[in-house]
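Q: My questions concern the predicted model and sequence given below.
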Amino acid sequence: MLQCIFLLSDSGEVMLEKQLTGHRVDRSICAWFWDQADSFKSFPVIASPTHYLFQIVRDGITFLACTQVEMPPLMAIEFLCRVADVLSDYLGGLNEDLVKDNFIIVYELLDEMIDNGFPLTTEPNILREMIAPPNLVSKMLSVVTGNASNVSDTLPSGTGSCVPWRPTDPKYSSNEVYVDLVEEMDAIVNRDGELVKCEIYGQVQMSSQLTGFPDLTLSFANPSVLEDMRFHPCVRFRPWESHQILSFVPPDGQFKLMSYRVKKLKNTPLYVKPQITSDSGACRVSVLVGIRSDPEKTIESITLSFQLPHCVSSADLSSNHGTVTILSNKTCTWTIGRIPSDKTPCLSGTLALETGLERLHVYPTFKVGFKIMGIALSGLRIEKLDLKTIPPRLYKGFRAQTRAGEFDVRL
Amino acid sequence: MFNQFGSTAETLSKASAAVLRIGTDAHLYDDPEDVSIAPLLDSKFESEKCEALKRLLALIAQGFDVSNFFPQVVKNVASQSSEVKKLVYLYLLHYAEKRPNEALLSINYFQKDLGDPNPLVRAWALRTMAGIRLHVIAPLALAAVGKCARDPAVYVRKCAANALPKLHDLRLDEHAPAIEELVGILLNDHSPGVVGAAAAAFTSICPNNFELIGKNYKKLCQILPDVEEWGQILLIGTLLRYVVARHGLVRESLMLSLHGLESNGFYEKDGDKSDSFDANLVSLVSKCYIEGPDEYLSRSNCVDTVAASFDSKETTSVGDNEDVKILLQCTSPLLWSNNSAVVLAAAGVQWIMAPLEDVKKIVKPLLFLLRSSTASKYVVLCNILVFAKAVPSLFAPHFEDFFICSSDAYQVKAHKLEMLSLIATTSSISSILREFEDYIKDPDRIFAADTVAAIGLCAKRLPKIPTTCLNGLLALVRQESFAGDLESVEGEAGVLVQAVMSIQTIIERDPLSHEKVIIQLFRSLDSVKVAAARATIIWMVGVYCSLGHIIPRMLTTITKYLAWSFKSEASETKLQILNTAAKVLISAEVEDFQMLRRIVLYVFELGECDLNYDVRDRTRFLKKMLSYKLACHEPAEDSVASQESIAAQVVEHVFGRKLNPFSPLNLHNRFYLPGSLSQIVLHAAPGYEPLPKPCSFVFEEHDQLSDSDRQREARNDLNGSQESSETVDEDGSSEYDSESYNGSEFSSDGDERNDANDAADPLIQISDVAVSTDPEELRSKMALDLWLDEESSTSNQTPSALDRNQSSYAKISIGDVGSRVKPKSYTLLDPGNGSGLKIDYTFLSEVSTASPLHVCVEVLFQNSSKEPIVEVNLEDEEAMKVSDSAEQTLVGKANASYNNVPTLIPMEELSCLEPGQSAKRLIQVRFHHHLLPMRLNLHYNGKKVPVKLRPDLGYLVIPYSITVEEFLATESRLPGMFEYSRRCAFTDHVKDTRMENGKDKFLSICESITLKVLSNSNLHLVSVDLPVANTLEDATGLRLRFSSKILSSEIPLLISITVEGKCNEDLNLTVKINCEETVFGLNLLNRIANFMVETSSSAS
């Protein structure tokens, strides 16, 4: 089991240490870790001379966990991810200052989340009842009165029930439940312009504010498109196995009900046509972006970013629509926004290669970003959402959106 | 002017940042020490305490040692504010091990909190108390865990389960059975949350105690989907281990699939056998899962052993084994879990146990895991790689999932490449190769180099595709050799070297048909500039120098070129040139021989003068070896002279040998269980355990054992509920009080005893004075409230007249018991060790004359040798005078007034002990700790032998004569955490009752229990209660009460023994102790329970 958790800032400073077992871990291990070569340091599981280290990096903060004995490494990594999720949820983001400013909350949360190296309470809804998240009111209160405890005196009722993710008896005057299909499109277009892989990774996100102990069923019109899925613990396996129906008692508030994958899609909504010719130390670049198959909704916030190869010494790029920025680390971002109706956005310009190099032999990969509201590109449709006992004043809502996930266009 | 603006802007931005940070703890983290913390800790305002604690935590977070505040912080543990409490607990846990003495001060607050009606407070107290990890409080913590394991709140029970590994970490051997029993109770809990935590405790405490699992196996399987995700991970592993240990592996599973593969239709239609399945590797994998490190090391290098089969008795089948079926059923829906670790664990079970045709269902869930965080992706890929190595066909149709995204980390990319080259099939290879072409152009050149290597691997696996690969690779070599000019492009050289190596791997399979490729490579030598690539090509010249028709004709030219370029080469290339020259010379044809000989001599001459000593050494070595070739003028000559033929053979052996294509599969790979840390780091991490040996665990199904266990548990539960309600049940039931006896009067020498009592009385009063005059010292040693609680009851107000009165009464009733009390004797020195001198010791019930802290011990010396032994004496070892402060604290009231009394009041020296003679002496000892032995030095015949005098807990108390009313009043003042009970069996009376048929059974039971207790401890028998309604046979309800005071601290200690069972059968006793000194009480309780179980020889 885990022995210690360290939070490291992006400069390698140990911001926080939480010892979990009697075998304490000296923080010199962090210095050792930080001194390793980058290629070694980036491994998620590292065998140091004294400990096994697990790490995840989230928004510049390194979460480092140590153990000396055999344990499932995924358990450690998943737990660290959960900690990072909860912290960024509590603190409204993650960075060095936020962690330092709220170190007490971080300590209290870690103490509730893990006991003796074994995860204790990780359900965010329950944690919120145990330790109040910092908000403006509590901040002001603490300034004015000088004491505002964020530690709850009572045990959240959910911990005792058979549905530990739900407080036993929440009461709302208006009952609301919203279902969101949030999809991400992963696609690879190879150098020949061929669509090698195109799939959807989607989530069913819900926000429920329902009185009492509601029992919901959610069914899809076309569950057969789903390649594979994963469920929140609240989903009962049996109904899904037999009828592909999601039957569950929802947690209170926001949560991710399920995630799914739809493979082998035929088309991407956008096309990206890059061209590069290089001769005698200079390259000409031109990239065209356009709508391939109209999804009947506007495609928003289209961006294109790519890394200029090392051997490019300078770049001169311009576009007929949107803005182009080149950062010092040679990352080039083209922000297009929406595609105008009258023209095809085009990025063009020249790259100067380093002296001595005639032609370009390595080519960048373009990462495409977009967002379409109101549509799930996978074609998955929700048929209906039923409640076993219908409370008074019930509002149900459905939404969908698709955005780009790992959308790579190679040149 | 602008400067001013600039500075204003700066302050403005600072100010805005400050506004954002208002209300947070930012200032505490930034300057935790800007105010003095100590006074804040003592403040009476919660908010100030809170701030001080936050400052301390900030210092801890920044790595400062603030353990010096420990005493002040500990005081605040009593705070009512939950936030202060939480912060104190955080601080305590961080430093408790460093400051054990002060940490002890907090124990009483935890005890109090454990009785709090708020479950959160109970849970926190339990977590912290167990987390403090001090040996001395371990019994207390264990008792607390035992109580909390029956708590009505699920959360508290869960924390109890989590606390068990903490206690286990302390390595308390004597408590191990109790801890394991608690694990069993918690595993049987009806709440899934508790079961998950209990599974975690099980894995870290007793992973091989399959009996606990066996009892609840079906229930655990059913509850598994509802268990919390983290518990699921470990519970899955536990269930798997149990099933393997109980039933063995499954015959139809992949692990035992060596035989009869063709019949089950597992193969894909298009894949050939070697493609879809590597039977050798699979059996190796399954072997690795089961064998421990010892077996792995002892396994002979012989490959055949891999095929060792499992005994058919050790296998089972899904069809007829219910347990296996249930396991597979309950783990398969977990493949949909949201938690990657659960999915991987469930996949591991299916992989090992599922029938071959079902293994496929793990593929999609595993591939779905690849869409998670980078770190998980890497771990999942490592595991998938093992699966794919054994059964490539599982993943072959899903090759697209391993295509590389630009955002993948380097390690993930490398693993995906390996995966792609593993699972490529003839149908998918074209798409994969097209992907590889893309990757070669990737800006990350190390990755590109890996891709080139992967191409080589693919070509090796699929012999039909090399031509396309080779052309691509050759083009790459040509292109790279231009780009290679540019030194600044890092990693470029690596790509080239890999390309050459990949070409070499492809050629190796069938050199003859690739002659032209080889020639092309040789031609490119001029343009290839990278030393490592050149060295490889030059090495190939040597290896393939006699291949085909064209190469031998080119040899002279190539060798000339090499000789010409020799001096400008890097040393690794030079070494290869030398080797190649030697090889060329050996295989040279007659017409070229003279020419080649001169070239080689030239190269050797250059080599001998090289700057690098490796090159010089190699040259001299080769020159010597080839001297016979270099000297002669015709290549055929060497076969003539016999003495030269040996040299020729050696040379032939070294250089002329054909390359052995090395096995693509390294059979000495080690595999670890899927999902384990060891599999990622590729060595057995400490604590890694392979699967248990198949069928190593024999479970007696539905036998008496498990039945009786269940009963016992049921009774335990019942008992637990009785305890928690803390009712004294005798009030309700009609019982009659019997006479009360004074136990001390049972000793044979009653008169002496009385004298001792009289003598002791004034001493006790002195000690009382000492207690009251020195409160400050006490306060620092014991928690304040404990001291206050003690009240004046400890002062001995019992009139001695009453004492006498009662004792005379006792004499009349069962006086004969007294004569049968035989204190147990212990061996101090064995005659074997002491050259014939045998020393036993017995604790006496007398009160010492030296001080109330001393115990009288009678030492019996016996000379069993043939020689007389002279000058026998016992002395205290000097070293013990410096005693540990922690122990001092525990003993508690070792008052200063007795410090001048030596710990050992020595005995009268035995001047001489004749053979066969024995002598008794009396010593008085003050033990430093009630569990630790006292070290003494034994002198005899001028020798010095160290011996250990072990304290008997039963004699570290003195009888405390009180009436039943006083007993009950004291008992009611000591409820809750001051009360402990334990159950044990008692059998002595059975012999007794059979022997004396005429006697009243109850009386004889009372007698034998009393006898047993008084023979082993120094107690006062207060009363014996008998329930009236009982039948003659049923002894249930019989209750004996004993009282005593702790010798060192004079704290009263009450013992009640309640009997349960039939008169003629074994009885179950519940021994209950009420005492403020909980540590001592618990230890004494254990001692009593132990000796009650022992069958005494004296009863006969």
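A: Arrived safely, thanks for sending.

Q: any idea how far residue B:219 is from chain A?
A: Separation of residue B:219 from chain A (Cβ to the nearest Cβ, to the nearest Å): 15 Å. For every residue, glycine as well, the C-beta is placed using N, CA and C.

Q: okay, now the closest residue to that residue other than its chain neighbours: neighbour count?
A: Take residue B:219 and drop its neighbours on the chain: the residue closest to it by Cβ to Cβ, 6 or more residues apart in numbering or on different chains is residue B:188, 7.5 Å away. As a burial measure, residue B:188 scores 17 neighbours (other Cβ atoms under 10 Å in any protein chain shown).

Q: Could you tell me the per-residue confidence at residue B:188?
A: pLDDT for residue B:188: 87.

Q: Just the helices from chain A, written as ranges.
A: A:28-35, A:38-41, A:73-91, A:96-101, A:103-113, A:124-130, A:136-145, A:237-243 (DSSP state H).

Q: Between these, which one is closest to chain B.
A: Checking those against chain B by Cβ to the nearest Cβ gives helix A:136-145 as the closest, at 2.6 Å.

Q: what mean pLDDT does that closest one have?
A: Helix A:136-145 carries an average pLDDT of 60.

Q: What does the pLDDT read for residue 27?
A: I went with chain A, as the question did not name one. On the pLDDT scale, residue A:27 is placed at 84.

Q: sorry, should have said chain B
A: 73.

Q: and the gap between it and residue A:13?
A: Counting by Cβ to Cβ, to the nearest Å, the gap from residue B:27 to residue A:13 is 18 Å.

Q: do residue A:48 as well
A: Per Cβ to Cβ, residue A:48 is found 19 Å from residue A:13.

Q: do the same with residue A:165
A: Residue A:165 is 36 Å from residue A:13, by Cβ to Cβ.

Q: Who has more neighbours out of the two?
A: The neighbour comparison of residue A:165 against residue A:13 (other Cβ under 10 Å) goes to residue A:165, with 20 against 14.

Q: Listing partners with orientation, what would you give for the longest strand along chain A?
A: In chain A, ranked by residue count with DSSP state E as the criterion, the top strand is strand A:394-410. Using DSSP bridges, the strands paired with strand A:394-410 in its sheet are strand A:175-189 (parallel), strand A:365-373 (antiparallel).

Q: can you give me the mean pLDDT across it?
A: Here strand A:394-410 scores 89 as its mean pLDDT.

Q: and if you look at stretch B:1012-1032?
A: Stretch B:1012-1032 comes out at a mean pLDDT of 74.

Q: Show me which residues of that stretch are buried.
A: When neighbours are counted by 16 or more other Cβ atoms under 10 Å in any protein chain shown, the buried residues of stretch B:1012-1032 are found to be B:1012-1027, B:1030.

Q: which residues does residue B:453 contact?
A: B:498, B:501, B:502 (Cβ atoms under 8 Å, 6 or more residues apart in numbering or on different chains).

Q: Please pick the buried ones from those residues.
A: Looks like those have B:498, B:501, B:502 buried, using 16+ other Cβ under 10 Å.

Q: Out of those, which comes closest to chain A?
A: residue B:498 (15.3 Å).

Q: Please identify the helix or strand for the closest residue to residue B:237 other than its chain neighbours.
A: Closest residue to residue B:237 apart from its sequence neighbours, by Cβ to Cβ, 6+ apart: residue B:345 at 6.2 Å. Following DSSP states H and E, the helix or strand that holds residue B:345 is helix B:340-353.

Q: where along the stretch 201-350 of chain A do the strands fall?
A: For the stretch 201-350 of chain A, the strands defined by DSSP state E, counting those that start in this stretch cover A:216-220, A:228-231, A:245-248, A:253-262, A:270-279, A:282-291, A:299-307, A:312-319, A:323-326, A:331-337, A:346-353.

Q: Reformat these as JSON lines; add mean neighbour count, mean pLDDT and distance to chain B.
A: Shown next, in JSON lines, are the strands of the stretch 201-350 of chain A (neighbours: other Cβ atoms under 10 Å in any protein chain shown; pLDDT from 0 to 100; distance: least, Cβ to the nearest Cβ, whole Å):
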{"stretch": "strand A:216-220", "mean neighbour count": "18", "mean pLDDT": "90", "distance to chain B": "15"}
{"stretch": "strand A:228-231", "mean neighbour count": "21", "mean pLDDT": "89", "distance to chain B": "4"}
{"stretch": "strand A:245-248", "mean neighbour count": "21", "mean pLDDT": "90", "distance to chain B": "11"}
{"stretch": "strand A:253-262", "mean neighbour count": "19", "mean pLDDT": "89", "distance to chain B": "6"}
{"stretch": "strand A:270-279", "mean neighbour count": "17", "mean pLDDT": "85", "distance to chain B": "11"}
{"stretch": "strand A:282-291", "mean neighbour count": "17", "mean pLDDT": "87", "distance to chain B": "14"}
{"stretch": "strand A:299-307", "mean neighbour count": "20", "mean pLDDT": "89", "distance to chain B": "7"}
{"stretch": "strand A:312-319", "mean neighbour count": "15", "mean pLDDT": "84", "distance to chain B": "10"}
{"stretch": "strand A:323-326", "mean neighbour count": "13", "mean pLDDT": "88", "distance to chain B": "16"}
{"stretch": "strand A:331-337", "mean neighbour count": "18", "mean pLDDT": "89", "distance to chain B": "12"}
{"stretch": "strand A:346-353", "mean neighbour count": "18", "mean pLDDT": "86", "distance to chain B": "10"}
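
Q: Turn those strands into CSV, columns for distance to residue B:1043.
A: What follows is these, written out as CSV (distance: least, Cβ to Cβ, whole Å):
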stretch, distance to residue B:1043
strand A:216-220, 63
strand A:228-231, 62
strand A:245-248, 60
strand A:253-262, 58
strand A:270-279, 89
strand A:282-291, 92
strand A:299-307, 82
strand A:312-319, 92
strand A:323-326, 87
strand A:331-337, 82
strand A:346-353, 94
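
Q: between those strands, which one is nearest to residue B:48?
A: Among these, the nearest to residue B:48 by Cβ to Cβ is strand A:253-262 (35.2 Å).

Q: Can you list the helices and strands that the closest one packs against?
A: Applying 3 or more Cβ pairs under 8 Å, 6 or more residues apart in numbering or on different chains; DSSP states H and E, we find strand A:253-262 packed against helix A:124-130, strand A:195-209, strand A:228-231, strand A:245-248.

Q: Run the chain-centre distance for it.
A: Between the centre of strand A:253-262 and the centre of its chain there are 12 Å (Cα atoms, centre = their mean, to the nearest Å).

Q: Torsion angles phi and psi at the nearest residue to residue B:580 once chain neighbours are set aside?
A: Excluding the flanking residues, the one nearest residue B:580 by Cβ to Cβ, 6+ apart is residue B:542, at 3.6 Å. Note on residue B:542: its backbone torsions stand at phi -60, psi -40 [degrees, to the nearest 10].

Q: Residue B:542: neighbour count?
A: Residue B:542, neighbours per other Cβ under 10 Å, totals 19.

Q: so who does it touch?
A: B:576, B:579, B:580, B:582, B:583, B:584, B:655.

Q: Generate a ChimeraX selection restricted to the buried entries among those.
A: Per 16+ other Cβ under 10 Å, the buried members of the contacts of residue B:542 correspond to this ChimeraX selection:
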select /B:576,579,580,582,583,584,655
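
Q: on that earlier part again, next step: the buried ones among the contacts of residue B:453 restricted to helices.
A: Using DSSP H, those in helices are B:498, B:501, B:502.

Q: wait, isn't residue A:306 in contact with residue A:368?
A: No: contact criterion Cβ atoms under 8 Å: residue A:306 and residue A:368 do not qualify, at 9.8 Å.

Q: Residue ranges of each domain in chain A, please.
A: A:4-145, A:175-265+A:377-410, A:270-373 (automatic domain parsing).
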